[in-house]
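Asker: Sequence first, then the predicted structure:
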Amino acid sequence: MSNQFWMIWPDNVMASALILFVIAMPFLYAARKLVHELFRSVGYMIGGPLRLGARWLFATARDMKERNKVVLLAHGREETGQHIEREFERISALVTRDLEGYPALQRKLLEEITRVEEDYKKCGEVPPPPPDWVEAVTAISKVKSDTNEMVQRILEEIKRSVHSIHDKALGEYRRAYESRHKILNGFMPFWRSLDKTFGQVDKKLTGLQDTSSKIDAQMEKYEQINKKTDKAEHALTVSAFTQFAIATLVLLIAVGGALVNFKLIALPFSEMVGAGDYLTATLRMSDVAALVLIFLEATMGLFVMETARITHLFPLIANMNERMRRRMFWGAVVFLFVFASIEAGLALMRDMLSADRQALVQSLANSQAAPPDPLLRMIPTTAQMVLGFFLPFALAFVAIPLESFVYSLRTVGGAFVVMVIRVIGFVLRVLGNLVRQLSKVLIGIYDVTIVLPLLIERVVKAARAGDDGRESRPMKKAA
Amino acid sequence: MVKRLLLASLLGLSASTCTDQRGHTQAVYMLVDTSGTYAQEVGKAQRIVNYLLGTLQPGDSLAVARVKTRSFSEKDIIAKVTFDSRPSQANAQKRAFRDKIDAFVKTVGGSAYTDITGGLIQGGMYLNETGAGTKTILIFSDMQEELDKVTVRDFPINLKNIRVVALNVVKLKTDNIDPRRYMGRLEAWQKRVEGAGASEWVIINDIERLDSMLRS
């Protein structure tokens, strides 16, 4: 019943609503300007701050992007500079090494060339030309001997002598060519040696050329970064994203390794610090102690990598003098070794505790299990100990992906924040426009509800305008 | 002033990092009915004790007491232990506990009456003393209480925040004739236990369900 108090016509909702609407219409018409103003004001009141907020967010995103660009380019410049420096160090080492050996190489080459030249000259020594008697023989051969027996006999004698001399000369020629062939055969090792030496020179020069081209590429990149081009920024951003993905993947693998490590030492730690003590609702003290040990190992590994100048996370360590740095390096290595030994011991202890628990459970179950094969018992024990010893060293290498992760996180995180700010800005802008448009729509709807008085108003206005027109026309005519 | 501030911050830090042992441990008090023919079931009770020994962790407490003519006495506790926080020591304690239970099982004899209420009161007192976070009374019985004329147990008891679990509630010959007797007996116990402020009343006849309950 209480819901029907407004009904003028009981049990007839439509008729009651219609009557009320008709009654309210003049009042609504009267309040038209005020309501329009109200809708407009509300639209501006809500939409204005939203649009302002959107503008501010877009400006912030722009500033942030600029800042990100500056940081990215600075980091890229530093990285490329280090790369170029390293390439120059490499080329310097290459040149020093090769130039040191170059005089010896040159001497060897000269000696071999001289030897080859001498042998070549020897090859050029030909046997003496045939003697002048060849011409005499030619003249004799022209003598006519058909009739004279004596001449024939002389000629035959001459022929025999010539044959024997020819054989002798031929033999000498053959010997001479044989000796030259021998000399030429002797060339072969020298040619091979020359070929090898030239091959070495070629290889070194190619290596030098490769390094130079790498430096050229890095220099070009450096120039692009210095010019702050979009291409350089894009390349550095893509590189940062790739680095971030790879570093995250490697860090996840490392986390897996750390979990295995944790499993190895958590149980034996409960033997040392007690298994019933809790730091928080779910965190046991023994688990915390195991985690602390793992974190300490990771920290020591980080120091080892820093002092070995593989990573550059701490400028203080990088700026240390050589002596101090070495001391710190060996200190960290010793700590790491001690932790690894402790872990190996804990892994052994874990195995013993597990075996003890297993024996207890079996005795409680009244089952007499066959004694395990000593070899089968030994393999997991040894494996656990080896794992316990080497996992800390493996964890030490986490410092490398961690460095990449930290540096790339700045770029990736910055880009992400810019994107989020832009999205929020866009949403605010859309909402601001929506509110403004909504106020206009509400004004329209309001006018639709009072369409009847508005029509009357228009008709009245038109009639008045007509009357005014008729009154003004005779006046104009009179004038 | 600086020293005071330092001291206060150190105290605050130590208080915030103070370790909490009691809240995470659990205490189990097991009542084993040795009256009449139910004494034959003691072998099953031994298996449950062994199961508990395999399940409970360092820092937890366990006590096993017998239910006989009058059970509200420390003398009825066959064995009790709070396991050391070191796993190796806890394992040694578990072995010793098992030996005590084995000896009890070999020498157990049936009693004339069954004072479950007395055992519950004793168990509640023991559990409250341990200060464990989770307290459980396991009643290994047919839940048929029989008291002599002198023993008085018809008064309200206090089992606040204690979980009560009835194990191996076998049906009696009379239950087979009229199952309503069995249902009525269990309902009466539920009413009494819940009226005593117990956090939960559970009937378990499958040991695997006991495992899931102890873990919860």
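Answerer: Structure's in. What do you need?

Asker: From now on I want contacts and neighbour counts done on CA atoms only, so please keep to that.
Answerer: Will do.

Asker: Quick one: mean pLDDT for stretch A:315-332?
Answerer: Averaging pLDDT along stretch A:315-332 gives 90.

Asker: my bad, should have said stretch B:138-145
Answerer: On average, the pLDDT along stretch B:138-145 is 89.

Asker: List of residues touching it?
Answerer: With contact meaning C-alpha atoms under 8 Å, 6 or more residues apart in numbering or on different chains, stretch B:138-145 is reached by B:28-33, B:38, B:45, B:113-117, B:164-172, B:185-186, B:189.

Asker: buried ones in that stretch?
Answerer: B:Leu138, B:Ile139, B:Phe140, B:Ser141, B:Asp142, B:Met143, B:Gln144, B:Glu145 (16 or more other C-alpha atoms under 10 Å in any protein chain shown).

Asker: helix or strand for B:Ala63, which one?
Answerer: Following DSSP states H and E, one finds B:Ala63 within strand B:61-67.

Asker: Same question for that strand: list its buried residues.
Answerer: For strand B:61-67, a neighbour-count test (16+ other C-alpha under 10 Å) marks B:Ser61, B:Leu62, B:Ala63, B:Val64, B:Ala65, B:Arg66, B:Val67 as buried.

Asker: Compile these into JSON lines and extend it with columns for distance to A:Trp330 and pLDDT.
Answerer: Listed next are the buried residues of strand B:61-67 as JSON lines, based on distance: C-alpha to C-alpha, whole Å; pLDDT from 0 to 100:
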{"residue": "B:Ser61", "distance to A:Trp330": "49", "pLDDT": "93"}
{"residue": "B:Leu62", "distance to A:Trp330": "51", "pLDDT": "95"}
{"residue": "B:Ala63", "distance to A:Trp330": "55", "pLDDT": "95"}
{"residue": "B:Val64", "distance to A:Trp330": "58", "pLDDT": "95"}
{"residue": "B:Ala65", "distance to A:Trp330": "61", "pLDDT": "94"}
{"residue": "B:Arg66", "distance to A:Trp330": "65", "pLDDT": "91"}
{"residue": "B:Val67", "distance to A:Trp330": "68", "pLDDT": "88"}
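
Asker: and which of the residues you listed is nearest to B:Pro87?
Answerer: Nearest to B:Pro87 among the buried residues of strand B:61-67: B:Ser61, at 13.8 Å, using C-alpha to C-alpha.

Asker: Pull up the gap between the closest one and B:Ala27, please.
Answerer: As judged by C-alpha to C-alpha, to the nearest Å, B:Ser61 and B:Ala27 stand 4 Å apart.

Asker: So what are the sheet partners of the strand holding B:Ala63 and their directions?
Answerer: Strand partners for strand B:61-67, identified by DSSP bridges, are recorded as strand B:26-33 (parallel), strand B:77-82 (antiparallel).

Asker: Could you tell me how far the longest one lies from the centre of the chain?
Answerer: In other words, strand B:26-33. Averaging C-alpha positions (C-alpha atoms, centre = their mean, to the nearest Å) puts strand B:26-33 2 Å from its chain's average.

Asker: pull the CA atoms of that strand into PDB?
Answerer: Taking C-alpha atoms only, strand B:26-33 is exported to PDB below (Å, rounded to 0.1, in the frame of the first residue of the first chain):
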ATOM      1  CA  GLN B  26      49.200 -29.600  18.000                       C
ATOM      2  CA  ALA B  27      48.500 -31.800  21.000                       C
ATOM      3  CA  VAL B  28      46.600 -35.100  20.800                       C
ATOM      4  CA  TYR B  29      45.200 -37.000  23.800                       C
ATOM      5  CA  MET B  30      44.000 -40.400  23.000                       C
ATOM      6  CA  LEU B  31      41.700 -42.300  25.200                       C
ATOM      7  CA  VAL B  32      41.700 -46.100  24.700                       C
ATOM      8  CA  ASP B  33      38.700 -48.000  26.000                       C
END
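
Asker: tell me the mean pLDDT for it?
Answerer: Per-residue pLDDT over strand B:26-33 has a mean of 92.

Asker: Touching it from outside, list them.
Answerer: Contacts of strand B:26-33 (C-alpha under 8 Å, 6+ apart): B:39, B:42, B:45, B:59-68, B:114, B:119-120, B:123, B:126-127, B:130, B:132-142.

Asker: same thing but at 6 Å, please
Answerer: The contact list for strand B:26-33, computed with C-alpha atoms under 6 Å, 6 or more residues apart in numbering or on different chains, reads B:60-67, B:123, B:132-141.

Asker: The helix or strand following it versus strand B:26-33: what angle between them?
Answerer: Per DSSP H and E, the first helix or strand lying C-terminal to strand B:26-33 is helix B:42-55. Relative orientation of helix B:42-55 and strand B:26-33, computed by axes from the mean of the first three to the mean of the last three C-alpha atoms, to 10 degrees: 170 degrees.

Asker: List the buried residues in helix B:42-55.
Answerer: Across helix B:42-55, burial judged by 16+ other C-alpha under 10 Å covers B:Val42, B:Ala45, B:Gln46, B:Ile48, B:Val49, B:Asn50, B:Tyr51, B:Leu52, B:Leu53, B:Gly54.

Asker: on that earlier part again, now, of the strands paired with strand B:61-67, which is deepest in the fold?
Answerer: Comparing the strands paired with strand B:61-67 by mean neighbour count (mean count of other C-alpha atoms under 10 Å in any protein chain shown), strand B:26-33 ranks first with a mean of 27.

Asker: Wasn't B:Leu138 part of a strand?
Answerer: Yes: assessed by DSSP: H, G, I helix; E, B strand; the rest coil, B:Leu138 belongs to a strand.

Asker: okay, which residue is most central for chain B?
Answerer: The residue lying closest to the centre of chain B (C-alpha atoms, centre = their mean) is B:Tyr29, at 2.0 Å.

Asker: distance of that residue from chain A?
Answerer: Look at B:Tyr29 and chain A: by C-alpha to the nearest C-alpha, to the nearest Å, they are 19 Å apart.

Asker: Tell me the bridge partners for that residue.
Answerer: Bridge pairing for B:Tyr29 - DSSP bridges - gives B:Ala63, B:Ile137.

Asker: Go through chain A and flag its longest helix.
Answerer: When chain A is parsed with DSSP state H, its longest helix is helix A:32-124.

Asker: Following the chain onward from that one, which element is next?
Answerer: Heading C-terminal from helix A:32-124, the first helix or strand you meet, by DSSP H and E, is helix A:133-141.

Asker: Mind giving me the packing neighbours of that next one?
Answerer: For helix A:133-141, there is no helix or strand it packs on, judged by 3 or more C-alpha pairs under 6 Å, 6 or more residues apart in numbering or on different chains; DSSP states H and E.
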